[in-house]
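Enquirer: what follows is a protein structure lacking sequence information:
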């Protein structure tokens, strides 16, 4: 199964979990134009790299800041988000070209390693990662 990796400056095909791990490791560790390491990653099961809106079909969203050691993981089809750690503060990520986006502390409650594992699991199974505990989306928030 082919997936598409999307971040603020890349839309790339993923040919399996090894590609997913490599992109996660490389892109999450690099400094971004805002001077931090935080970024948003979308993973889509749609391999159409020329889509006008590649994020529209994404099923997994990972907001990660390796400097803070935390991530927010969202399953987009139902808006649920993963919970693992106590809330300690927000993280800032590059979501798109332009200003950074603040991810609230109550969402940034997953370790970087657990977020990476979830991304690998999704690109292996094509299903919502079972390695994380999920909480239902708040009404009107995705």
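Expert: Looks like it came in fine. The structure displayed is predicted, hence computed values, not measured ones.
Enquirer: which residues of the protein fall in helices?
Expert: In the chain, helices defined by DSSP state H lie at 17-29, 112-125, listed in chain order.
Enquirer: residues touching the spatially most central residue of the chain, list them.
Expert: Centrality entry for the chain: nearest residue to the mean C-alpha point is residue 62, 1.4 Å, by Cα atoms, centre = their mean. By Cβ atoms under 8 Å, 6 or more residues apart in numbering, the residues touching residue 62 are 24, 40-41, 43, 71-74, 115, 118-119. (Each C-beta comes from the backbone N, C-alpha and C, glycine too.)
Enquirer: one more pass at 10 Å, please.
Expert: By Cβ atoms under 10 Å, 6 or more residues apart in numbering, the residues touching residue 62 are 7, 24, 28, 39-43, 71-74, 82, 93, 110, 112, 115-116, 118-119, 122.
Enquirer: and what of residue 50?
Expert: residue 11.
Enquirer: that older thread, rank the helices of the chain by mean pLDDT and give me the bottom one.
Expert: Comparing the helices of the chain by mean pLDDT, the weakest confidence falls on helix 17-29, with a mean of 93.
Enquirer: and that helix, what's buried?
Expert: 17, 19-21, 23-24, 27-28 (16 or more other Cβ atoms under 10 Å).
Enquirer: tell me the one of those nearest residue 48?
Expert: residue 19 (16.9 Å; Cβ to Cβ).
Enquirer: measure that closest one to residue 71 for me?
Expert: 19 Å (Cβ to Cβ, to the nearest Å).
Enquirer: what about the residue nearest to residue 57 when sequence neighbours are not counted, neighbour count?
Expert: Excluding the flanking residues, the one nearest residue 57 by Cβ to Cβ, 6 or more residues apart in numbering is residue 46, at 4.0 Å. By other Cβ atoms under 10 Å, the residues close to residue 46 number 14.
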